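*Asks:* Sequence plus the predicted model coming up.
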Protein chains: 2
Amino acid sequence: MSKLRFRIAMSLDGFVAGPSQSVDNPLGIGGMRLHEWVFTLRVWRQMHGMEGGEVNASSAVVEESFANLGATIMGRNMFGGHPGPWDKKNPWRGWWGENPPYHHPVFVLTHHPREPLTLEGGNSFTFVTDGIDSALQQARRAARGKDISLAGGASAAQQFLKAGLVDEMEISIAPILLGSGERLFDGVGDDLHGLELVRTVAAPNVTHLKYARR
Amino acid sequence: MSKLRFRIAMSLDGFVAGPSQSVDNPLGIGGMRLHEWVFTLRVWRQMHGMEGGEVNASSAVVEESFANLGATIMGRNMFGGHPGPWDKKNPWRGWWGENPPYHHPVFVLTHHPREPLTLEGGNSFTFVTDGIDSALQQARRAARGKDISLAGGASAAQQFLKAGLVDEMEISIAPILLGSGERLFDGVGDDLHGLELVRTVAAPNVTHLKYARR
């Protein structure tokens, strides 16, 4: 069966976004420091249409995280846009312009119903108002045997982790403190639901910890 | 100059002790799970007078953490005992009996003045009431050129980290969630004061992240 896979960058003190998150600054103050290790990578730059960049121990981890994905699930804040109900006349179309980097069906958890959105490059966004189980079911059907990426943010991740629905989790620990902001594991409790540490990758400015069911 | 070195085990969600810490259960509920990787090691068992045990990638990390130490600094709770002022008639002598495992001078941060305590095996405990700078100064003098171990707990560590006085820090991340308890980096802020990730060691049930000034 297709797996639900979750990858995120976290500070040493447990934050996945800095304080004062907003539509204009979704990572919060200092949150960009979580991702410095990835911006220098050739694989990441290529994905975003840029040349150059380096290859190091993080490269294979990043490549793996994008391989064999057939669908994505994300929280409302990852899709972005206004905090209120969708504006039907001028609906937010996500952060990414007309050709987002997913190239497969994306399911957005939200409380506000909205018609699906189809963009270029195989990207579609379906808005799911009836909870994580429904989102997972729809994503699994859409993924056609491939895996499903849980793209975050923290609140969506917490719901799936707490329900024991995550099959693989890669935490990329950035060697920084953020001091405040959004904590990845807030409210998740003391149970990893059978996820065990299966791989550690040391790379420049980051340590990747992969958890999976054995 | 001798370094101030700090080593501690932390859960993936940032806790160094579980909830409901007490004199009877200083690690709090579930806190023992932070240290499961160390109890199986031959080097740890030998230090505590036990036979057997295994050798793995953690062994060298643990050996290193005990090498070249000339003094130890610890918080009041690490020394243990009653939360109020010292009982002069029947003073608490620490958790460890008459021959503690330090074998060098130990400086205990406290608000309650008390005469120094000398035990067997080169162990002495000096109670410091005038703050972390004084404790560091006294420990440095006692260490005679060797390094100083900052033994915790979290509150003592936070004071030294916040003041930028820690020279080396080894965080041993246990692959578990505690969900609540005492957070290592609470109140430290967003600054590691020049400490950089210099080594990652993957070992069974733990990942050791070493930070130091370059």
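*Replies:* On my side now, so go ahead. Just so you know, these numbers come straight off a predicted model, no measurement behind them. Numbers count the residues shown, from 1 in each chain, chains lettered A, B, ... in the order given.
*Asks:* and the least confident helix or strand in chain A by mean pLDDT, what does it pack onto?
*Replies:* One helix or strand of chain A scores below all others by mean pLDDT, DSSP states H and E: helix A:76-79, with a mean of 84. Using 3 or more C-beta pairs under 8 Å, 6 or more residues apart in numbering or on different chains; DSSP states H and E as the contact test, the elements touching helix A:76-79 are strand A:105-109. In this view, the C-beta of every residue, glycine as well, is placed from N, C-alpha and C.
*Asks:* any idea of the mean pLDDT for the strand it packs on?
*Replies:* Strand A:105-109 shows a mean pLDDT of 96.
*Asks:* Kindly report the same for stretch A:42-49.
*Replies:* In this model, stretch A:42-49 has a mean pLDDT of 88.
*Asks:* check contacts around the nearest residue to residue A:103 once chain neighbours are set aside.
*Replies:* Nearest residue to residue A:103, sequence neighbours excluded (C-beta to C-beta, 6 or more residues apart in numbering or on different chains): residue A:122, at 4.4 Å. The neighbourhood of residue A:122, defined by C-beta atoms under 8 Å, 6 or more residues apart in numbering or on different chains, consists of A:102-104.
*Asks:* my read is residue A:122 is in a helix, agree?
*Replies:* No - Residue A:122: not assigned to a helix; according to DSSP: H, G, I helix; E, B strand; the rest coil it is coil.
*Asks:* Residue A:10 sits in which helix or strand?
*Replies:* Secondary structure assignment for residue A:10, by DSSP states H and E: strand A:4-11.
*Asks:* Which neighbouring elements make contact with that strand?
*Replies:* Packed against strand A:4-11, as judged by 3+ C-beta pairs under 8 Å, 6+ apart, are the following elements: strand A:15-17, strand A:147-150, helix A:154-162, strand A:168-174.
*Asks:* and among these, the most buried is which?
*Replies:* strand A:15-17 (a mean of 27; mean count of other C-beta atoms under 10 Å in any protein chain shown).
*Asks:* Which elements pack onto it?
*Replies:* Applying 3+ C-beta pairs under 8 Å, 6+ apart, one finds that strand A:15-17 makes contact with strand A:4-11, strand A:182-183.
*Asks:* Which residues does it contact?
*Replies:* By C-beta under 8 Å, 6+ apart, the surrounding residues in contact with strand A:15-17 are A:8-10, A:26-28, A:31, A:34, A:152-154, A:178-184.
*Asks:* Listing partners with orientation, what would you give for that strand?
*Replies:* The strands beside strand A:15-17 in its sheet (DSSP bridges) come out as strand A:182-183 (antiparallel).
*Asks:* Name the strands paired with the helix or strand that the strand it pairs with is followed by and say parallel or antiparallel.
*Replies:* Scanning forward in sequence from strand A:182-183 by DSSP H and E, the next helix or strand is strand A:195-203. Sheet pairing for strand A:195-203, assigned by DSSP bridges, gives strand A:206-213 (antiparallel).
*Asks:* Now tabulate the helices and strands packed on strand A:4-11 in a markdown table and tack on distance to residue A:112 and mean pLDDT.
*Replies:* Shown next, in a markdown table, are the helices and strands packed on strand A:4-11 (distance: least, C-beta to C-beta, whole Å; pLDDT from 0 to 100):
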| stretch | distance to residue A:112 | mean pLDDT |
| --- | --- | --- |
| strand A:15-17 | 22 | 96 |
| strand A:147-150 | 20 | 98 |
| helix A:154-162 | 15 | 96 |
| strand A:168-174 | 28 | 98 |
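*Asks:* Rebuild the ones you listed as JSON lines, extending it with distance to residue A:62.
*Replies:* Output for the helices and strands packed on strand A:4-11, formatted as JSON lines (distance: least, C-beta to C-beta, whole Å):
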{"stretch": "strand A:15-17", "distance to residue A:62": "17"}
{"stretch": "strand A:147-150", "distance to residue A:62": "13"}
{"stretch": "helix A:154-162", "distance to residue A:62": "18"}
{"stretch": "strand A:168-174", "distance to residue A:62": "9"}
